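S.K.: What shape does this take:
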Amino acid sequence: GRTAEMIPPEKQIEYMSMALARYAARFGNDVYAACRAWHRGQGLMNDALGLAYEQLIRSHVRRLFP
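M.R.: The predicted structure follows:
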């Protein structure tokens, strides 16, 4: 709503980066597994939606870094 306060983007990026780093360390530095866990949670990260999310991320990476 109009009265909601937003966390500064820098802090949001810092938090997300730390969370993804923790997930990546937990999954043998697999950044794609970390992304799936962030998006779906550890219990659902390997389901069809988690794997579809990984494919979206991989497509974006290929587009950004051909």
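S.K.: Contacts only, for Asp30.
M.R.: Ala24 (CB atoms under 8 Å, 6 or more residues apart in numbering). From N, CA and C alone the C-beta is placed, and that goes for glycine too.
S.K.: Please tell me how far Ile35 sits from Arg26.
M.R.: Quick fix: residue 35 reads Cys, not Ile. To Arg26, Cys35 is 13 Å away according to CB to CB, to the nearest Å.
S.K.: Tell me which of the two has more neighbours.
M.R.: Neighbours per residue (other CB atoms under 10 Å) separate Cys35 from Arg26, with Cys35 holding more: 20 against 13.
S.K.: And the more buried one, which helix or strand is it part of?
M.R.: For Cys35, the element it lies in under DSSP states H and E is helix 31-40.
S.K.: So which elements touch that helix?
M.R.: Under the contact criterion of 3 or more CB pairs under 8 Å, 6 or more residues apart in numbering; DSSP states H and E, helix 31-40 touches helix 9-26, helix 48-64.
S.K.: For the spatially most central residue of the chain, which non-adjacent residue is spatially closest?
M.R.: Residue closest to the average C-alpha location in the chain (CA atoms, centre = their mean): Cys35, at 3.4 Å. Leaving aside its sequence neighbours, Cys35 sits nearest to Ile57 (CB to CB, 6 or more residues apart in numbering; 5.2 Å).
S.K.: That neighbour - how many residues pack around it?
M.R.: Per other CB under 10 Å, the neighbour tally for Ile57 reads 14.
S.K.: show me what contacts Ala37?
M.R.: Ala37 touches Tyr23, Arg26, Phe27, Met45, counting by CB under 8 Å, 6+ apart.
S.K.: Any of the residues you listed buried? List them.
M.R.: For the contacts of Ala37, a burial check counting by 16 or more other CB atoms under 10 Å picks out Tyr23, Phe27, Met45.
S.K.: Check what pLDDT Gly1 gets.
M.R.: Reported pLDDT at Gly1 in the predicted model: 72.
S.K.: just to revisit the earlier point, so the residue nearest to the centre of the chain makes contact with Ala19?
M.R.: No - at 10.8 Å, Cys35 does not count as touching Ala19 under the criterion of CB atoms under 8 Å.
S.K.: Many thanks, I have nothing further to ask.
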